[in-house]
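*Asks:* Need coordinates for the following:
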Amino acid sequence: MACEEVLHSRPLFLTIYTVVIIGIVFSSFYVFSAIRYPSTNPSSWSLSNEDVRLTEQTLNGSRFATVDVPSVPPEARDVRTRPILDVPPRNKEMPPLEAFGLTKELIQKRVKDNVIIVTFANYAFMDFILTWVQQLNNLEVSNFLVGAMDTKLLEALYWKGIPVFDMGSHMSTEDVGWGSPKFHKMGREKVILINLILPFGYELLMCDTDMVWLKNPLPYLARYPGADVLTSSDQVVPTVVDDSLEIWQEVGAAYNIGIFHWRPTESAKKLAKEWKELLLADDKIWDQNGFNEIIHRQLGPSVDEDSGLVYAYDGNLKLGILPSSIFCSGHTYFVQAMYQQLRLEPYAVHTTFQYAGTEGKRHRLREAMFFHDPPEYYNPSGGFLSFKPSIPKSLLLSGNHTIESHFTLVNYQIKQIRAALAIASLLNRTLVVPPLWCRVDRLWFPHPGVLEGSMTRQPFLCPLDHVFEVNAMLKELPEEEFGPGIDIREYSLLDNPSLPSEVKKSWLDVHLCKEGTQDCVASNNTSIGGVLKFPRHSNEETYMKIFSSFKDIKVIQFSSMQDAFTGFSDKEREDKFRKRVKRYVGIWCCVLDHTPGHIYYDMYWDEKPEWKPLPPQTSADDHPPW
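*Replies:* Numbers count the residues shown, from 1 in each chain. The predicted model follows:
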């Protein structure tokens, strides 16, 4: 009817109606496109076989982006998931194990542009696999396969519709420590796998499971059709400032085999075969060291003037070193934020250069909002406790960046986190640990504070594992000896799109105040806007009395932790708490010209007037301060 009226109206009105309608359409498009993520994300990966659906996820940068927290790159953000997995019906019987062998036909079903992307793991890394797959799914990349090193993982992935094959490894389902015999076994399995796939004639992008894809890498790899092998590296000093390959003559770090691309050329197959024979002859050789030893047998000259490729190995293999600014290590991404400073979009991040084992890797990916956890992770019983860290400008910026100024800054933050851990323990809440600021870097070897030539800024937001033993914080300890457990979450959790709306809406702001000032009394009465004024220097009884009224609130956020808590009234509980949290802090490493060169952080540094950041003076002194 409206259209008829327009048709029969005068030309002027026809023009006006047309303009208005077009404006409405374009305005609607703009409004909908401006929505960065939905207000709630009701579904997520579940580690249970009962939930076999791959559901929609969106990624978003952190609210801390104003202080240069590594943000989610544009291509990985706001991509709505389109399920590309084949979830079997629940009434279907699982095929026999023999049906999951690695064959050319299996790869043919998944390959695209002659490229197959492969990772592998045992059941201990199930959640890493799910994250790895989800990230590729978000990027609409489907040409991947996952190798299962044990039948438990194989069955779990099958029922989730993830393309999986049996590696026949008969691996333990438990986590493997770096450098252990099982760790070396995993490395040998990788090399065997490469040797199995290359003869099929497909290009292979081989990845570790402790990395995630942030951008579809296939177009980038296709830019170098002449390369036999493209590898990532541990390079922390950029040799290029754009997205071209590293300048091979300037790369002094090891080539990292956590991300590398193989073409099925004769030179590549020859390299893979010799590498396999080397590792099978000596099970103590680390697969990465073996690769570097062989590939560096001959290095140079350049293949040409432009590509960045170099002749390596036997003088015929053409090698390219992927730029560490966009095929990121744990250092170039989480510490330097190199891609941000160079205004580049990262393709991947590998959780290397970290100090808390597998738990540390998870936590780093969670801090960056790349890890996909089940819904209950975002809504624990008891709710969350968080606080806004308060750091004087002078501690961040004044004076030189030295070991002493670094410890002054970090100790100031440790004291606040210690108080928050105590309150979280009292209220049986999960602590959202705030972001940490550091003034000097942490590494495994002596260094001047920041590696020369790197892009590490001072001060910088450092990962939690630079100061805290994340694995110790998450480890279950006997309650009778260490008191109640205290669960933690990453600083970005409250900004994560996966946080349920019911959690976001159930929020109490607590403003600490000086007792005796206006309205500053221990009361459960909130002011307009739902803010609770709460006296500083409150004790255990006051906390329990007031906050029992808010036990159903999902998030309690304090305005500060300065002088927030005077301590436990029960000495036995205080002792157990101290025994627990003393184990939470780690070491800084390492000073120059001193052995040992590491310095222990101390959770209770402020109770020791003579405390100074010094390394152990003798080997007998080389022990944690507990």
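*Asks:* just for the stretch 451-600 of the chain, where's the confidence low?
*Replies:* Filtered on pLDDT under 70, the stretch 451-600 of the chain yields no residues whatsoever.
*Asks:* Oh, that last question was meant for the stretch 251-400 of the chain, not what I typed.
*Replies:* Using pLDDT under 70, nothing in the stretch 251-400 of the chain is flagged.
*Asks:* Tell me which stretches of it form helices.
*Replies:* 266-281, 287-295, 330-334, 338-341, 357-367, 393-397 (DSSP state H, counting those that start in this stretch).
*Asks:* Touching stretch 443-453 from outside, list them.
*Replies:* The contact list for stretch 443-453, computed with CB atoms under 8 Å, 6 or more residues apart in numbering, reads 236-237, 353, 401-403, 406, 439-441, 456, 458, 589-594, 597. Quick note: C-beta positions are derived from backbone N, CA and C, even for glycine.
*Asks:* how does it look with 7 Å?
*Replies:* Residues outside stretch 443-453 that contact it (CB atoms under 7 Å, 6 or more residues apart in numbering): 236-237, 401, 440-441, 456, 458, 589-592, 597.
*Asks:* Tell me which of the residues you listed fall in strands.
*Replies:* Using DSSP state E, the subset of the contacts of stretch 443-453 located in strands is empty.
*Asks:* what about burial for the residues you listed, which qualify?
*Replies:* Among these, those scoring as buried are 236-237, 401, 440-441, 456, 458, 589-591, 597 (criterion: 16 or more other CB atoms under 10 Å).
*Asks:* okay, those residues in JSON lines with distance to V470 next?
*Replies:* Putting the buried ones among the contacts of stretch 443-453 into JSON lines (distance: CB to CB, whole Å) gives the following:
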{"residue": "V236", "distance to V470": "22"}
{"residue": "V237", "distance to V470": "27"}
{"residue": "H401", "distance to V470": "24"}
{"residue": "V440", "distance to V470": "20"}
{"residue": "D441", "distance to V470": "18"}
{"residue": "T456", "distance to V470": "21"}
{"residue": "Q458", "distance to V470": "23"}
{"residue": "C589", "distance to V470": "16"}
{"residue": "C590", "distance to V470": "20"}
{"residue": "V591", "distance to V470": "23"}
{"residue": "G597", "distance to V470": "22"}
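*Asks:* quick one: the helices in the stretch 401-550 of the chain?
*Replies:* Assigned by DSSP H, counting those that start in this stretch, the helices in the stretch 401-550 of the chain fall at 403-427, 470-474, 479-482, 501-505, 540-547.
*Asks:* Take these and lay them out in a markdown table including distance to K104 and mean neighbour count.
*Replies:* Shown next, in a markdown table, are these (distance: least, CB to CB, whole Å; neighbours: other CB atoms under 10 Å):
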| stretch | distance to K104 | mean neighbour count |
| --- | --- | --- |
| helix 403-427 | 54 | 21 |
| helix 470-474 | 41 | 20 |
| helix 479-482 | 54 | 12 |
| helix 501-505 | 48 | 13 |
| helix 540-547 | 62 | 16 |
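*Asks:* Turn the ones you listed into a markdown table, including distance to S390.
*Replies:* Listed next are the helices of the stretch 401-550 of the chain as a markdown table, based on distance: least, CB to CB, whole Å:
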| stretch | distance to S390 |
| --- | --- |
| helix 403-427 | 7 |
| helix 470-474 | 22 |
| helix 479-482 | 29 |
| helix 501-505 | 24 |
| helix 540-547 | 20 |
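*Asks:* Of those, which is nearest V521?
*Replies:* Nearest of the helices of the stretch 401-550 of the chain to V521, taken as CB to CB: helix 540-547 at 10.1 Å.
*Asks:* so what secondary structure elements neighbour the closest one?
*Replies:* helix 403-427 (3 or more CB pairs under 7 Å, 6 or more residues apart in numbering; DSSP states H and E).
*Asks:* tell me what the helix it packs on is packed against?
*Replies:* Partner elements for helix 403-427 (3+ CB pairs under 7 Å, 6+ apart): strand 384-387, helix 393-397, strand 430-432, strand 436-438, helix 540-547, helix 571-581.
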